[in-house]
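Student: Okay, sequence plus prediction incoming.
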Amino acid sequence: MSRLVVVSNRVAAVSEAGPAAGGLAIGVLDALKETGGVWFGWSGECLAEASDEPTIETRGNVTYATVSLAKRDYDQYYRGFSNATLWPVFHYRNDLARYDRQEYAGYQRVNRWLAAQLKPLLRPDDVIWVHDYHLIPFAAACRELGIENPIGFFLHIPFPVPQILFTVPPHAELIQALMQYDLVGFQTRVDMQAFLDYVVRAAGGQSDGRSATLDGRTCAVGAFPIGVYPDAIAKAAKACAERKVVRALRDSLHGRALVISVDRLDYSKGLVERFHAFEALLAASPGLHGRVSLLQIAPPTRSDVQSYQLIRRTLEAESGRINGRYAQLDWTPIQYLNRKYERNLLMALLRTARVGCVTPLRDGMNLVAKEYVAAQDPTDPGVLVLSQFAGAAEEMPGALVVNPFNVMQTAEAIERALTMPLDERIQRHASMMAKLRESDLSVWRDAFLNALADAAHVALPA
Ligand code: GDG
């Protein structure tokens, strides 16, 4: 029987209460706990010199193998090419992207180094599952080292259409690198199609819709929308709803409706446009003054990347300006919190809000949209306002879907959500819960690993 080896940029620090946050961490850990295996990646530590060999720690049936990065590697591979080139371009923000040859060289060098660090840990029957844009060249680096194991890749973020990808100078090399995987998985069919469009139209390859062939090499492709465990979220949200802080929040509302948004502080998440939509709502509906608040939770990330410092300053200024314009002695329209909350508490906060406003400008999936729905009280559920540019929009039939660039439309959707009758809310919520259960996190994991086993003609990790 084969063993599962997961490779991701970060290996999440796992406490007794589970991984710190995020779908990747929860999904990966869940996959590993079921089958046992290895999780390999960066520890999050940055030192003067990179580590000589991985630090190994085994808990239960999972072995964590982590490496530390040298400062220069961190700057070039992580802060540079991954987060200042690939992340903005893949989110259609080439205006925010920069390209630096040295950083790209560092990105490739670190991928090769990571593959060499992993090699001694591998067994011949291991199945390797690589995650996300930091590691596009990882399979090619493995092949150069003579590693012949099946290797699959899952992209958590959107894949851009060719005209956008062309703006990254080494775009052709990135595609060639992806072709070295046995399976390349995307969040949605739209992302998968963008990849195939590049292979077929821009690079002269072929595709039958399930695989891509380029320069004599074929890889399988597929769409595997990541899910959540809706019933576990519902349970946690309900259990935490009576905690002191959650009650304090409810009491502070004095019957006011709450609109909630939770995002990493990132320019792809549409926070500025959302603040403007909320402002437009207040401008258009004076009757709502004092009767509705927006709670924006936005823990800072990547704060050493310049564009993240800029968006943070913009949001501070905009929330201050809007509050200055509309606040009353006993009412602050926007509560803007740059802080991270414990996961179960967060789920209870989502349950408290009448409206979940999830309006990214571009997002691979967006798990908060799914978590918001799962956290609701099914007898009195809130309404999800969701961007058409989140991967989740393909799967959330009961959401009010908006174009986040259309500020007035978003404002109107929030108003409609605030006034939606109970029976319509129940019906929309039920349809989304059914969908969430049908395609939960284990469905994502199994579908990907089955497709990888098929593509590489091996037995599944078990
Ligand atoms: C990438 C893709 C794709 C947020 N604030 C706190 C907190 N969170 C949790 C949320 C959610 C996760 O972090 C964020 O996941 P998202 O999917 O919303 O977004 P990204 O971080 O950009 O994730 C995305 C995802 O990968 C998975 O494939 O859906 O499109 O961009 O789970 O709840 N968790 C805690 N405290 C916080 O303050 N504990």
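Tutor: Thanks, I have it.
Student: any idea which element the residue of the stretch 101-250 of the chain found nearest the ligand lies in?
Tutor: Closest approach between the stretch 101-250 of the chain and the ligand, counting by C-beta to the nearest ligand atom: His156, at 3.7 Å. C-beta: built from backbone N, CA, C; applies to glycine. His156 is part of no helix or strand, with elements assigned from DSSP states H and E.
Student: what does the stretch 351-462 of the chain put close to the ligand?
Tutor: Contact residues (C-beta under 6 Å from any ligand atom) of the stretch 351-462 of the chain with the ligand: 363-368, 371.
Student: Buried ones among those residues?
Tutor: 363-368, 371 (16 or more other C-beta atoms under 10 Å).
Student: Now for those: which two are most distant?
Tutor: Gly364 and Glu371 (15.1 Å; C-beta to C-beta).
Student: which residues touch Lys33?
Tutor: 60-62 (C-beta atoms under 8 Å, 6 or more residues apart in numbering).
Student: what's the answer for Gly270, then?
Tutor: The contact partners of Gly270, by C-beta under 8 Å, 6+ apart, come to 359-361, 387, 404.
Student: Name the nearest of these relative to the ligand.
Tutor: Taking C-beta to the nearest ligand atom as the measure, the ligand sits nearest to Pro360 out of the contacts of Gly270, at 7.7 Å.
Student: That closest one: what's it in contact with?
Tutor: Contact analysis of Pro360 by C-beta under 8 Å, 6+ apart lists 263, 268-270, 366, 387, 389-390, 404.
Student: Most neighbours among the residues you listed, which one is it?
Tutor: Within the contacts of Pro360, most neighbours by other C-beta atoms under 10 Å means Ala390, with 30 neighbours.
Student: Could I get the pLDDT score of that residue?
Tutor: Note for Ala390: predicted pLDDT of 98.
Student: ok, Leu449 touching Ser2?
Tutor: No. The pair Leu449 / Ser2 is not scored as a contact, 9.9 Å apart, by C-beta atoms under 8 Å.
Student: what about Gln427, how many neighbours?
Tutor: Neighbour count for Gln427, taken as other C-beta under 10 Å: 13.
Student: What distance do you get for it to Asp231?
Tutor: 20 Å (C-beta to C-beta, to the nearest Å).
Student: re earlier: now pLDDT and distance to Leu69 too, for the buried ones among the residues of the stretch 351-462 of the chain next to the ligand, in JSON lines please.
Tutor: Formatted as JSON lines, these follow (pLDDT from 0 to 100; distance: C-beta to C-beta, whole Å):
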{"residue": "Asp363", "pLDDT": "97", "distance to Leu69": "27"}
{"residue": "Gly364", "pLDDT": "97", "distance to Leu69": "24"}
{"residue": "Met365", "pLDDT": "96", "distance to Leu69": "27"}
{"residue": "Asn366", "pLDDT": "96", "distance to Leu69": "28"}
{"residue": "Leu367", "pLDDT": "95", "distance to Leu69": "26"}
{"residue": "Val368", "pLDDT": "97", "distance to Leu69": "29"}
{"residue": "Glu371", "pLDDT": "97", "distance to Leu69": "31"}
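Student: can you put those in JSON lines and add distance to His289?
Tutor: Output for these, formatted as JSON lines (distance: C-beta to C-beta, whole Å):
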{"residue": "Asp363", "distance to His289": "31"}
{"residue": "Gly364", "distance to His289": "37"}
{"residue": "Met365", "distance to His289": "35"}
{"residue": "Asn366", "distance to His289": "30"}
{"residue": "Leu367", "distance to His289": "33"}
{"residue": "Val368", "distance to His289": "27"}
{"residue": "Glu371", "distance to His289": "30"}
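Student: Now do the helices in the stretch 151-300 of the chain.
Tutor: 162-165, 171-178, 189-197, 230-240, 244-253, 271-284 (DSSP state H, counting those that start in this stretch).
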